[in-house]
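*Asks:* next comes the sequence, and after it the predicted model I'd like to discuss.
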Amino acid sequence: MARQQVESLTPLSAAILFALADGASHGYAIIREIEEITEGDMRPQTGSTYLALHRLLANGLISESSGPDIDARRRYYRLTDLGREAARAEARRLSQLLRVASARKLISGTAT
Amino acid sequence: MKRTAVRLFALSLRLFPKSFRLSYSAEMERVFTERVSALSPPRILAATVAEIFDVVVSAVRAHGTQLVLPRPSVAGIVALATLATFVSVRDIAWRQDAEFTSSAGRIDFSAHDPAGEFTLTMLAGRPIAASINDVPIPPDRLLHSGDSIRFLSPDGKVVLTLAYYRATGRIEWQARPRNCHDLASECGI
């Protein structure tokens, strides 16, 4: 089931799953985390981020969670077991692609 | 400048389907406010244009329509602002029955929709009392999550959903259909 869902993950959805791998977080922190882990390559906008969060929620890959914030207006999101499995599967898929790209000298400085 | 940007962004969020808006728009508005708070005026303008364009594209996707949009242009932004203003004015028109009083952190709100009257009392940002057609809803049947407040029937069904935008003090709700008269009706949203 997770494999089927991973195939339809957009880059932003995958990045959200990776950003949540260390624990629950809220929308703004997720956006900041994605900017940081991609070193600025991805700069998610607010509307598309929340649409992606909405779809991940609907697919059961993330769930709403209580967070440490005392402000009840913030919603926190966390990975579900299915979401963690989907994130792992997506990471394996990307890793495999990266190995191919590296072997074919498509990544500068990493050819073997 | 920042306030205008936030206002324009908030208006653009009306392009999303209402159910999506009720769940997320206050949060998106808040995230946008946080994002622009540290920016200089020229960068606020650029960020606002980019964010509103992204809202348009996302709203089209949320409505389930496949549409390739052109890159943002001045004409597009003006059209969007006009549309957003129109939607805003239209919403105000059907809310003439709403009454809203606020003092010392307490808000008493009442309004009509096609199914009848409902009231909500908030204290310090939290719902403490409500009623539908003069039937009180106990606090344990008021579900408060994020900016969303849901009125539940005795069997746990959602009968009315409101969104409370604390920053602007605005309250929005999903109008119930005319035949949804009481808590036992099939009027979950």
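*Replies:* Happy to help now that I have it. Residues are numbered from 1 along each chain as shown, chains lettered A, B, ... in the order given.
*Asks:* B:Cys131 sits in which helix or strand?
*Replies:* In this structure residue B:131 is Ser, not Cys. Assigned by DSSP states H and E, B:Ser131 falls within strand B:126-132.
*Asks:* before we move on, what about B:Val55?
*Replies:* Short version, using DSSP H and E: B:Val55 is in helix B:41-62.
*Asks:* assign B:Pro177 to helix, strand or coil.
*Replies:* Here B:Pro177 is recorded as coil under DSSP: H, G, I helix; E, B strand; the rest coil.
*Asks:* that one and B:Gly116 touch, don't they?
*Replies:* No. Counting by C-beta atoms under 8 Å, B:Pro177 stays clear of B:Gly116, with 11.1 Å between them. Just so you know, the C-beta spots here come from the backbone N, C-alpha and C atoms, and that holds for glycine as well.
*Asks:* around chain A, pick out the residues from chain B.
*Replies:* B:9, B:13, B:16, B:20, B:23-24, B:26-28, B:30-32, B:34-35, B:50-51, B:54-55, B:57-59, B:61-62, B:125-126, B:144-147, B:166 (C-beta under 8 Å from any C-beta of the partner chain).
*Asks:* biggest helix in chain A by residues?
*Replies:* Counting by DSSP state H, the longest helix found in chain A is helix A:81-103.
*Asks:* tell me which parts of chain A are close to chain B?
*Replies:* Counting by C-beta under 8 Å from any C-beta, chain A sits next to chain B at A:27-28, A:31, A:45-51, A:53-54, A:64, A:72-75.
*Asks:* tell me which entries of these lie within strands.
*Replies:* Applying DSSP state E to the residues of chain A next to chain B, the entries found in strands are A:Glu64.
*Asks:* just the buried residues out of the residues of chain A next to chain B, in ChimeraX syntax.
*Replies:* The buried residues among those can be selected in ChimeraX (16 or more other C-beta atoms under 10 Å in any protein chain shown) with this line:
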select /A:27,28,31,45,46,47,48,49,50,51,53,54,73,74,75
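*Asks:* can you pull out the helices in the chain?
*Replies:* Just so you know, I chose chain A. In chain A, the segments counted as helices under DSSP H are A:2-7, A:11-19, A:27-37, A:46-58, A:81-103.
*Asks:* actually chain B
*Replies:* Under DSSP H, chain B gives helices at B:2-12, B:18-36, B:41-62, B:74-93.
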